[in-house]
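coords below, sequence missing:
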């Protein structure tokens, strides 16, 4: 007897399609049994695995879960750390089969590291089933999953009883038993053809799973139905919806005045929608016997078609968002090599040369990441991919950058009830910017680098770390080694994180260090600042070009000017622009200093601030504040004079002495 993994595509979906036809011939009446539901989601990064883990263990807010019983969700396979369960099985980067030099790689750069699984049933089954039925469903579903993937590959599985519709959720590491390497395609690769629906490997899984629990009164979904191909994340948003759907009549959008038409329709939808239309695509129509059952089915089918029409019509606004603008807001830039190419041939990049994290091409509303072998359409999927967030996180980010109305239009097209409150709730529930994950174990190395190599004052570094403005990040580099970065959090005038400057602590081959903004950073709203966080209370405000310069300048000013008066030092993250909300928060009577680098670019950035800002560059011969801080630390450690400037630069250097510059004196 063959194992499930050895079966062909047609053993699964094709057999089920034939079975569906036979059942229809034998039983002309409607099959009103609830559905057995099974979903997979491919996870290609450690970040996405950790995000899934946090959701499973309720380490992040889960609005549709009852927190009072979440702690009682039983773990069936694995430990209370799903991410660790997975990473224990995932091959190390660079590991090879057999020959360590020439053997086949066990983990490719685009490998699926884990597969997230969700198994459940239609909600009505849970309302009518007995305790014995439920226990049997859990046992049979678990046994099927282990048999399908192999006991050694199922890293984690738990039963969520704290949501409206209970379900099993877990993580699988797709290790090929023949090679020991990651190979998700062995189980769920390929797609069914349009001519032969139900012939994909995933369809085979769905068929065999339905057969494993068929004795409990459950059945498989329709073969080839688009309603059966929702992602795991999408399921969570759809499963708790109501059962009825009423929509206003959707007319053809006019050639002109489309915005007014959309606004009028939105107002009607606010009054008319009683449930999420997406529910109609997920849950079966509950048939009753006789004519009333068939009539109810026809009404719901018609409502679903109208919902699809609404989606096509109302998604125009979100589709109109230029993807180039979205990529720019995400912190990506056009590859300098492509600067003169047409827009549809340009690549947008992030990360240093030789270690790009993203290489994205756009063509109209389509985009494709060459680096991650991923592509889709539209702004929402693009934001989900780059920021590694979910649907609500992408909505929040887009609403924050491009306005709530544009995002609400797309959400309305998806038929979510009460559009505007949902968008606003998404913004409140999940901040638009998702900071890079912190690695506390790497902090000692980052702290040592900042104090010993960058000559920053230890108490200033520790204060920034304690305030959550500075921490360590680590990730696996392109050659398998661990890369450690310092993360400097950018905040708006109210202290909300809006982005982050990232600085590598190790030197690259050319002697420089990795420097970038975290994906999703919004330089128009926030900036890293040292000293007093409350800008309005600062007596003196200094603008510099980087976070490390800000911390360097704070220490130098404190020592040279011998002042402890309230001072805020703001980083422009290299482009010279200070966010308008930050400038607006500066007190009218505060003394303002333009402390950009001592070079032509710094002079130009300082001049752009206007007449109200006094030039305060680092003292000669130092080009930036950190160069000066390093030289000053070396001079102090050797007992010599601290970076004495030339005679011609005496006036400039005296900007930081109490004898000649009362502006910075106590």
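Cool, the structure landed. Every value quoted in this text rests on a predicted model; they were computed, and no experiment measured them.

okay, CA-based contacts and neighbour counts for the rest of this
Will do.

Can you check the pLDDT for residue 323?
Looking at residue 323, its pLDDT reads 84.

Kindly confirm whether my reading is correct that it touches residue 361.
No: proximity of residue 323 to residue 361 does not meet the contact threshold set by C-alpha atoms under 8 Å, at 9.9 Å.

mind checking the end-to-end distance for stretch 512-526?
The first and last residues of stretch 512-526 sit 26 Å apart, counting by C-alpha to C-alpha, to the nearest Å.

Just the residues contacting it, thanks.
Residues from elsewhere that reach stretch 512-526 (C-alpha atoms under 8 Å, 6 or more residues apart in numbering): 329-332, 351-352, 386-387, 433-436, 490-493, 497-508, 578-582.

Just the buried residues of the residues you listed.
The neighbour count (16 or more other C-alpha atoms under 10 Å) marks 329-332, 351, 386-387, 433-436, 490-493, 497-505, 578-579, 582 as buried among the contacts of stretch 512-526.

Ramachandran angles for residue 159?
Residue 159 adopts backbone torsions of phi -110, psi 120, taken as degrees, to the nearest 10.

mind checking pLDDT for it?
Value for residue 159, per-residue pLDDT: 94.

Next: residue 524.
pLDDT for residue 524: 86.

Mind telling me what element it is part of?
Taking DSSP states H and E as the definition, residue 524 sits outside all helices and strands.

Would you report the backbone torsion angles of it?
phi -80, psi -10.

what's around it, how many residues?
17 (other C-alpha atoms under 10 Å).

next one: residue 380
23.

Is it correct that it is in contact with residue 393?
No: counting by C-alpha under 8 Å, residue 380 stays clear of residue 393, with 9.4 Å between them.

doesn't residue 475 make contact with residue 486?
No: counting by C-alpha under 8 Å, residue 486 stays clear of residue 475, with 11.8 Å between them.

higher neighbour count, those two?
Neighbours per residue (other C-alpha under 10 Å) separate residue 486 from residue 475, with residue 486 holding more: 26 against 15.

quick one: residue 611 from residue 524, how far?
Distance, residue 611 to residue 524, using C-alpha to C-alpha: 22 Å.

got it, and residue 460?
26 Å.

and if you look at residue 583?
11 Å.

again with residue 610
18 Å.

before we move on, what about residue 575?
Here the criterion is C-alpha to C-alpha. By it, residue 575 lies 11 Å from residue 524.

what ranges do the helices span in the stretch 351-500 of the chain?
Remark: helices assigned in the stretch 351-500 of the chain by DSSP state H, counting those that start in this stretch are 379-387, 391-402, 404-413, 419-429, 443-448, 458-466.

Can you tell me which helices and strands the first one packs against?
With contacts taken as 3 or more C-alpha pairs under 8 Å, 6 or more residues apart in numbering; DSSP states H and E, helix 379-387 sits against helix 323-329, helix 391-402.

avg pLDDT for that helix?
On average, helix 379-387 scores 86.

so where do the helices sit in the stretch 1-150 of the chain?
In the stretch 1-150 of the chain, the helices defined using DSSP H, counting those that start in this stretch lie at 9, 15-26, 46-56, 67-70, 82-87, 123-128, 131-149.

Which one of those helices lies nearest to residue 531?
Nearest of the helices of the stretch 1-150 of the chain to residue 531, taken as C-alpha to C-alpha: helix 46-56 at 32.0 Å.

what are the phi and psi angles of the residue nearest to residue 493 when sequence neighbours are not counted?
Once flanking residues are discounted, residue 493 sits nearest to residue 582: 5.5 Å by C-alpha to C-alpha, 6 or more residues apart in numbering. When read as degrees, to the nearest 10, the backbone of residue 582 gives phi -70, psi -50.

if I pick residue 582, what's in contact with it?
Contacts of residue 582 were listed using C-alpha under 8 Å, 6+ apart, and they are 492-493, 525-527, 535.

Can you pick out the most distant pair from those residues?
525 and 535 (13.9 Å).

Who has more neighbours out of the two?
A count of neighbours by other C-alpha under 10 Å puts residue 535 above the other of residue 525 and residue 535, at 26 against 20.

how close does the nearest residue to the more buried one once chain neighbours are set aside sit to residue 506?
Distance criterion C-alpha to C-alpha, 6+ apart; nearest residue to residue 535, sequence neighbours excluded, is residue 586 at 5.6 Å. Using C-alpha to C-alpha, we find residue 586 at a distance of 36 Å from residue 506.
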